[in-house]
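[1] sharing a sequence plus its predicted fold:
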Amino acid sequence: MAVYINDDTIEKVKESIDIVNLISDYLPLKKSGTNYVGLCPFHSEKTPSFTVNQSKDFFHCFGCGEGGDGVTFIMKKENLDFPEAIKFLADKYGISIEETPIDNKRLEEKNRAYEINRDAARFFHDNLTKNPKALDYLKRRKISPKVIRQYGLGFAEDSWGKLYDFLKLKDYSDEELEKLGLIGKRTGNKGYYDKFRNRIIFPIIDTKSRVVGFGGRVLDHTMPKYLNSQDTIVFNKGNHLYGLNLLNKFSSRKKILLVEGYMDVISLFSSGINYSVASLGTALTSRQSKLLKRYGEEVYICFDSDLAGINATLKAIDILVAEGVNPKIILLPDGMDPDDYINKAGLMEFEKLFVNSLNYIDFKIHINKKKYNFEKSEDKIKFTIEVSKIIKSLKSPIEQAVYIDKVSEEMNIPKEAIEKEIKGNTYNNRYTNKRPNFNNVSKSKIYPVGAKIISGNIKAEVDLIKLMIEDKDYYESIIERVNIEHFANYECSELFQLIKEGYSKSDNIEIEELINEVKEIENFNMNIIKSIKSRELKFQPTDMDQVIIDLTNNLILYKLETKRNEIIDHIAKLEKQTDKSEEENELFINLCMEIPKINREIKLIRHE
């Protein structure tokens with residue numbers, strides 16, 4: 001049976017190729033400007049005419065005319081056919097290849113899908129040329145007829161069946177059209193309707209010039225604003241970038257600009273920015289980041305300036321950095337997207353944004369600055385802790401040092417404190433492994449009766465005292481997690497001590513005996529003990545383990561937050577001193593170091 005290597009594996013092999021390193025295994029290359037040159041391995045020559053362009057991933061000999069990519073080079077040099085060259089390179093780069101039996105039926109289905117999409121794209125484009133309303137919309141958006149042709153833009157009329165009727169005349173089946181997301185079934189299975197209606201159509205074209213899917217944008221404010229093709233046999237949104245098919249033709253590939261929407265790409269192209277692509281309305285994927293890395297020497301991100309755009313930028317940064325790409329971020333004025341900005345400001349102003357772009361670390365710091373009020377010491381500390389995490393991600397000690405200096409100067413926090421925060425060990429929560437263990441109760445979640453457990457330290461203290469009195473097993477589980485110092489209420493702390501002493505002598509605690517004992521304690525509020533006696537715990541203790549964890553966590557958090565507030569107040573006082581002594585400086589550093597430790601412990605407790 002015939003076999004084939006699937007497209008994903010071929011792309012993975014191609015993405016692994018560094019064409020300069022590959023060809024350097026066969027002949028010496030010398031850097032010459034942005035290219036590399038050497039003597040051609042395919043014909044005899046004395047003057048180098050063989051050129052390798054690393055960014056565009058191709059070679060060319062001006063003497064004999066041979067040229068191509070890394071795979072082509074191996075085919076010619078090793079005298080291999082295409083599958084053999086892929087296997088050769090896969091072995092070189094440690095990529096496993098699973099040969100799959102050719103499924104002729106599936107190949108035929110894919111080819112039919114490409115044909116259907118091509119015919120649908122032509123139908124939409126023809127509609128656009130005949131629709132004054134849609135053409136006027138694009139004209140107002142400064143999209144020229146030439147750009148319309150280059151991107152194959154189209155228009156879906158406000159009709160429920162024109163595309164369906166057109167494609168049926170070409171003998172495509174309902175099942176085929178429905179699988180490609182071009183039509184949908186009417187309610188009650190009474191026929192079909194066109195999914196794309198009254199929308200500008202953006203054909204999504206792959207690097208082999210095949211139409212793989214569509215995007216549609218409304219002309220008015222109807223929702224949804226955009227409609228995209230569903231995943232199909234030839235299309236997965238996470239595997240494509242809109243506009244990538246035109247990069248080879250128009251772009252120098254020195255840089256590539258990632259934007260969010262179809263109109264962003266087209267407006268930028270219309271104004272002279274011919275190296276932008278869009279991520280098809282999805283969060284950037286690892287596959288898309290590989291494409292960006294392959295097609296551009298420098299990667300820039302320019303998403304919308306709203307909160308959603310900022311969050312999408314932060315996620316894209318993490319994906320790109322994981323792929324070994326250090327992106328730069330273009331900042332737009334508030335409330336604008338690339339389409340808005342270039343139409344309002346023009347090409348020259350937009351290109352200035354590249355000069356003022358931020359590397360991804362500076363961008364993350366910039367975004368964090370917006371979250372805090374630096375008039376407050378606590379916010380300065382929180383900001384510095386967050387930025388320390390960002391700096392810690394840098395592999396270069398030099399880069400770390402530069403940012404430590406920068407943050408230290410801006411926040412007026414000693415470098416030593418920031419360095420300790422970055423290099424500090426992961427804090428181990430002393431409560432993590434301490435769990436009550438009752439083998440005779442269910443492990444299901446507790447369900448409060450009547451009302452939720454109210455977040456409040458005093459109520460939690462009273463409930464814990466009640467539990468400790470009721471059952472020695474409860475008492476032992478509670479004292480594994482808290483001690484007398486966690487009870488802020490005077491009466492509860494006294495009762496805790498009395499109960500502890502009581503259980504050291506007996507396995508039971510009598511509430512009446514406790515009442516008699518506390519009568520002898522000066523200034524003891526008897527209402528507390530009376531409340532405990534009459535109190536009915538409003539829990540269904542299907543899982544008393546969780547009840548105890550919840551209640552003790554209230555006490556632990558209260559104690560930690562109180563301590564943190566005291567430290568912050570102390571830091572604020574020291575910060576105001578302009579002539580701190582050496583001891584006071586050391587105290588300042590140590591106090592600053594305490595805050596992140598407490599914050600980590602609070603975070604762990606809250607997620608317990």
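    Arrived safely. Numbers count the residues shown, from 1 in each chain.
[2] contact partners for the residue nearest the centre of the chain?
    Centroid check for the chain by C-alpha atoms, centre = their mean gives Lys315 as the closest residue, at 2.6 Å. The contact partners of Lys315, by C-beta atoms under 8 Å, 6 or more residues apart in numbering, come to 283-284. C-beta coordinates here come from the backbone N, C-alpha and C atoms, glycine included.
[3] a helix runs through it, doesn't it?
    Yes: counting by DSSP: H, G, I helix; E, B strand; the rest coil, Lys315 is part of a helix.
[4] how about residues contacting stretch 527-537?
    For stretch 527-537, the external contacting residues (C-beta under 8 Å, 6+ apart) are 462-463, 465-467, 469, 489, 491-492, 495, 511, 514-515, 518.
[5] and that stretch, what's its mean pLDDT?
    Along stretch 527-537, the predicted local confidence has a mean pLDDT of 80.
[6] with just CA atoms, put that stretch into PDB.
    In PDB, the C-alpha atoms belonging to stretch 527-537 read as follows (Å, rounded to 0.1, in the frame of the first residue of the first chain):
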ATOM      1  CA  ASN A 527     -22.400  36.400  76.700                       C
ATOM      2  CA  ILE A 528     -19.800  34.700  74.600                       C
ATOM      3  CA  ILE A 529     -20.000  31.400  76.500                       C
ATOM      4  CA  LYS A 530     -23.800  31.600  76.600                       C
ATOM      5  CA  SER A 531     -23.800  32.100  72.900                       C
ATOM      6  CA  ILE A 532     -21.600  29.100  72.400                       C
ATOM      7  CA  LYS A 533     -23.900  26.900  74.600                       C
ATOM      8  CA  SER A 534     -27.000  27.800  72.700                       C
ATOM      9  CA  ARG A 535     -25.500  28.000  69.300                       C
ATOM     10  CA  GLU A 536     -26.500  25.500  66.600                       C
ATOM     11  CA  LEU A 537     -23.900  25.200  63.900                       C
END
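[7] quick check: buried residues in that stretch?
    The neighbour-count criterion (16 or more other C-beta atoms under 10 Å) identifies 528-529, 532 as the buried residues of stretch 527-537.
[8] out of the contacts of stretch 527-537, which one sits closest to Pro414?
    For Pro414, the closest of those turns out to be Asn489, at 38.7 Å, with distances computed as C-beta to C-beta.
[9] how about that closest one, what does it touch?
    Counted by C-beta under 8 Å, 6+ apart, Asn489 has contacts 457-458, 461-462, 528.
[10] related to what we said a few turns ago, just send the buried residues of stretch 527-537 back as JSON lines, with distance to Pro145 and secondary structure too.
    As requested, these are exported to JSON lines (distance: C-beta to C-beta, whole Å; DSSP: H, G, I helix; E, B strand; the rest coil):
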{"residue": "Ile528", "distance to Pro145": "84", "secondary structure": "helix"}
{"residue": "Ile529", "distance to Pro145": "88", "secondary structure": "helix"}
{"residue": "Ile532", "distance to Pro145": "83", "secondary structure": "helix"}
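[11] dump those residues to a markdown table, plus distance to Pro203.
    Supplementary listing: these in a markdown table, determined by distance: C-beta to C-beta, whole Å:
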| residue | distance to Pro203 |
| --- | --- |
| Ile528 | 74 |
| Ile529 | 78 |
| Ile532 | 73 |
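[12] returning to what we had before: mind listing which of the contacts of stretch 527-537 are in helices?
    For the contacts of stretch 527-537, the ones inside helices are 462-463, 465-467, 469, 491-492, 495, 511, 514-515, 518, with DSSP state H as the criterion.
[13] in JSON lines: the residues you listed, plus neighbour count, pLDDT and distance to Glu298.
    What follows is the ones in helices among the contacts of stretch 527-537, written out as JSON lines (neighbours: other C-beta atoms under 10 Å; pLDDT from 0 to 100; distance: C-beta to C-beta, whole Å):
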{"residue": "Val462", "neighbour count": "22", "pLDDT": "88", "distance to Glu298": "63"}
{"residue": "Asp463", "neighbour count": "23", "pLDDT": "88", "distance to Glu298": "60"}
{"residue": "Ile465", "neighbour count": "27", "pLDDT": "92", "distance to Glu298": "65"}
{"residue": "Lys466", "neighbour count": "19", "pLDDT": "90", "distance to Glu298": "65"}
{"residue": "Leu467", "neighbour count": "21", "pLDDT": "90", "distance to Glu298": "62"}
{"residue": "Ile469", "neighbour count": "20", "pLDDT": "91", "distance to Glu298": "69"}
{"residue": "Glu491", "neighbour count": "23", "pLDDT": "87", "distance to Glu298": "67"}
{"residue": "Cys492", "neighbour count": "23", "pLDDT": "90", "distance to Glu298": "63"}
{"residue": "Leu495", "neighbour count": "28", "pLDDT": "92", "distance to Glu298": "68"}
{"residue": "Ile511", "neighbour count": "13", "pLDDT": "86", "distance to Glu298": "74"}
{"residue": "Leu514", "neighbour count": "20", "pLDDT": "87", "distance to Glu298": "74"}
{"residue": "Ile515", "neighbour count": "14", "pLDDT": "88", "distance to Glu298": "77"}
{"residue": "Val518", "neighbour count": "17", "pLDDT": "86", "distance to Glu298": "74"}
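[14] and which of the residues you listed is nearest Met593?
    For the ones in helices among the contacts of stretch 527-537, the closest approach to Met593 (C-beta to C-beta) belongs to Cys492, at 32.1 Å.
[15] contacts only, for the closest residue to the closest one other than its chain neighbours.
    Among residues not flanking Cys492 along the chain, Glu461 sits closest, at 4.1 Å (C-beta to C-beta, 6 or more residues apart in numbering). By C-beta under 8 Å, 6+ apart, the residues touching Glu461 are 487-489, 492, 555.
[16] recalculate using a threshold of 6 Å.
    With contact set as C-beta atoms under 6 Å, 6 or more residues apart in numbering, Glu461 has these partners: 487, 489, 492.
[17] try Leu39
    By C-beta under 6 Å, 6+ apart, the residues touching Leu39 are 45, 48.
[18] what's the spacing between it and Asn198?
    Distance of Leu39 to Asn198, given as C-beta to C-beta, to the nearest Å: 61 Å.
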